[in-house]
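Enquirer: any chance you can model this:
(chains A and B)
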Amino acid sequence: MKRLTATFTAGLMAATFAGSTALADPVDDTLILNGETEIVTRTAAPAAVEGALDEVISGWHYRGTETRAMQADDFDNPGMIFVEKAEDLWNAAEGSEGKSCADCHGTSEEMAGVRPVYPKWNEAAGEVRTMEMQINDCRENRMGADPWKYTGGDMVNMTALMASVSRGMLVDVATDGPVQSTWDQGKELYYTRFGQLELACASCHEANNGMMIRADHLSQGQINGFPVYRLKNSKLNAVHARFKGCVRDTRAQTFKPGSAEFIALELYVASRGNGLGVEGPSVRN
Amino acid sequence: MAEGVKPRVKVPKTASAGEEIVIKTLISHKMESGQRKDGDGNIIPRSIINRFTCDFNGENVVDVTLEPAISTNPYLEFAAIVPESGEFKFTWYDDDASVYEEIKKITVE
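Expert: Take a look at the predicted model:
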């Protein structure tokens, strides 16, 4: 009798375990944008994650059928509303110089290829720059306009426009040369445990991706889809705002958006997705 | 006056007779419910799109009443079988009495 009970329990445990794993696993699907452009959403692990992950997978695979479909069509993707708003900003002259983005850069489509390589080294300034920093540099020094708040509405909309024109191109940030020390700092942060819960980025997104965190799926924490339209707050969310939210959830004091720590972390996390297609503005829950 | 309101419609340019086509509509609108309060405790006045209609060649085919619980940027999608070539007219009615219109032509082959 004792033996029978033992067998039954083991069988039940196996069944439960298999069930939950299947639920949280990334979905096998292909992202084809507007029925035309295929986006690389899973690919062989780049150098940055060698030994840690076999394959890098976009957060798109961890979302439900409806959410995935929403992103596959520009009309259905609510993030595109904000891209359109940014297109108006792109063409609007502002500041003491009376210039718009378009006056120097031409159409927004000409910026294709910019998103995939950011954050990157700026030789003149001698620093690693995120796209937000570059946009504000343009605003202050070329347009004579006020800088935007780092994760403010106009800024995140503009980064969405920059991402949208590069969709399908592969993320390709440099990790060596002058950015090496920043990248090392980002890597260190990624593996440092923060907060009362003592969680590092890696605790969830590397060691436990594909598992459940309460009622949600843990993705690899890739940032190729940023900025992200989240269904929970019906707006675009910047990558530093997401970092801040994650650090806050470990019950730690967070770094500020635009801080040196988050810039380094953004560079490192972006490099973990080298080879994935740019998706922004993506749709997540 | 609600700001940044912009209607968008997606209708196929052509269809074959008897074919079911999908029409997608979206209007960017804040859809303020009238239930929320601002920082000082004052009620933020209601400002929503309260009605949506679709006419085909002058004949009304869809007429929807929208309520305050509908979230921001209302999206409406419906299917239609188009009997002949013609013109769709989409109309959104705002609480502030603004009316937004969009017209799309379709050819039936």
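Enquirer: now name the helix or strand holding A:Thr182.
Expert: Here A:Thr182, judged by DSSP states H and E, is contained in helix A:180-190.
Enquirer: show me what the next helix or strand after that helix is packed up against.
Expert: Next helix or strand after helix A:180-190 toward the C-terminus (DSSP H and E): helix A:201-205. Helix A:201-205 sits against helix A:180-190, with contacts defined as 3 or more C-beta pairs under 8 Å, 6 or more residues apart in numbering or on different chains; DSSP states H and E. Quick note: C-beta positions are derived from backbone N, CA and C, even for glycine.
Enquirer: make it 10 Å
Expert: Contact here means 3 or more C-beta pairs under 10 Å, 6 or more residues apart in numbering or on different chains; DSSP states H and E; on that basis helix A:201-205 packs against helix A:180-190, helix A:239-249, helix A:260-271.
Enquirer: now distance to chain B too, for the ones you listed, in TSV please.
Expert: TSV is the format used below for these (distance: least, C-beta to the nearest C-beta, whole Å):
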stretch	distance to chain B
helix A:180-190	35
helix A:239-249	19
helix A:260-271	28
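Enquirer: quick check: A:Glu206 touching A:Ser219?
Expert: No - using C-beta atoms under 10 Å, A:Glu206 is not in contact with A:Ser219, being 11.0 Å away.
Enquirer: same drill for these two, tell me which one is more crowded.
Expert: A:Ser219 (22 against 18; other C-beta atoms under 10 Å in any protein chain shown).
Enquirer: for A:Asp137, which three-state class applies?
Expert: helix (DSSP: H, G, I helix; E, B strand; the rest coil).
Enquirer: tally of neighbours for it?
Expert: 15.
Enquirer: run through the residues that contact it.
Expert: Shown in contact with A:Asp137 (C-beta atoms under 10 Å, 6 or more residues apart in numbering or on different chains): A:Asn122, A:Ala124, A:Ala125, A:Arg129, A:Pro147.
Enquirer: now swap in A:Ala93 and tell me
Expert: A:Lys99, A:Ser100, A:Cys101, A:Ala102, A:Asp103, A:Met143, A:Ala145.
Enquirer: that one and A:Arg129, how far apart?
Expert: Here the criterion is C-beta to C-beta, to the nearest Å. By it, A:Ala93 lies 24 Å from A:Arg129.
Enquirer: do the same with A:Val49
Expert: Using C-beta to C-beta, A:Val49 is found at 24 Å from A:Arg129.
Enquirer: and what of B:Thr91?
Expert: 47 Å.
Enquirer: over to A:Glu266?
Expert: 11 Å.
Enquirer: before we move on, the earlier item: including mean neighbour count, distance to A:Leu199 and mean pLDDT, could the helices and strands packed on helix A:201-205 go into CSV?
Expert: Shown next, in CSV, are the helices and strands packed on helix A:201-205 (neighbours: other C-beta atoms under 10 Å in any protein chain shown; distance: least, C-beta to C-beta, whole Å; pLDDT from 0 to 100):
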stretch, mean neighbour count, distance to A:Leu199, mean pLDDT
helix A:180-190, 18, 12, 96
helix A:239-249, 19, 8, 96
helix A:260-271, 24, 14, 96
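Enquirer: show me the one of these that comes nearest A:Ala44.
Expert: In terms of C-beta to C-beta, the element of the helices and strands packed on helix A:201-205 nearest to A:Ala44 is helix A:260-271, at 14.4 Å.
Enquirer: that closest one: what's the following helix or strand?
Expert: Criterion used, DSSP H and E; the element after helix A:260-271 is strand A:282-284.
Enquirer: ok, which residues in chain A are in contact with chain B?
Expert: Chain A has residues A:70, A:73-76, A:78, A:80-82, A:84-85, A:88, A:231, A:234-235 near chain B, with proximity defined as C-beta under 10 Å from any C-beta of the partner chain.
Enquirer: those residues, buried ones only, as a ChimeraX selection?
Expert: Selection command for ChimeraX covering only the buried members of those, criterion 16 or more other C-beta atoms under 10 Å in any protein chain shown:
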select /A:70,75,76,78,80,81,82,84,85,235
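Enquirer: farthest pair within the residues of chain A next to chain B?
Expert: Maximum distance among these (C-beta to C-beta): 24.5 Å, for A:Asp88 and A:Leu231.
Enquirer: pLDDT value on residue 92, please?
Expert: I'll assume chain A. pLDDT recorded at A:Ala92 is 94.
Enquirer: wait, chain B
Expert: 96.
Enquirer: same question for A:His217.
Expert: 91.
Enquirer: now do the SS call for the residue located most distally from the centre of chain B.
Expert: Most distant residue from the mean C-alpha position of chain B: B:Asp40, 33.2 Å away (C-alpha atoms, centre = their mean). Secondary structure for B:Asp40, judged by three-state DSSP, is coil.
Enquirer: state the distance from A:Asp137 to A:Ala252.
Expert: From A:Asp137 to A:Ala252 the distance is 30 Å (C-beta to C-beta).
Enquirer: which stretches of chain B form strands?
Expert: B:6-10, B:14-15, B:20-28, B:49-56, B:59-65, B:75-81, B:86-94, B:99-108 (DSSP state E).
Enquirer: how about these in TSV, adding mean neighbour count and distance to chain A?
Expert: Output for the strands of chain B, formatted as TSV (neighbours: other C-beta atoms under 10 Å in any protein chain shown; distance: least, C-beta to the nearest C-beta, whole Å):
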stretch	mean neighbour count	distance to chain A
strand B:6-10	16	5
strand B:14-15	16	16
strand B:20-28	18	5
strand B:49-56	18	15
strand B:59-65	12	18
strand B:75-81	14	8
strand B:86-94	18	14
strand B:99-108	14	13
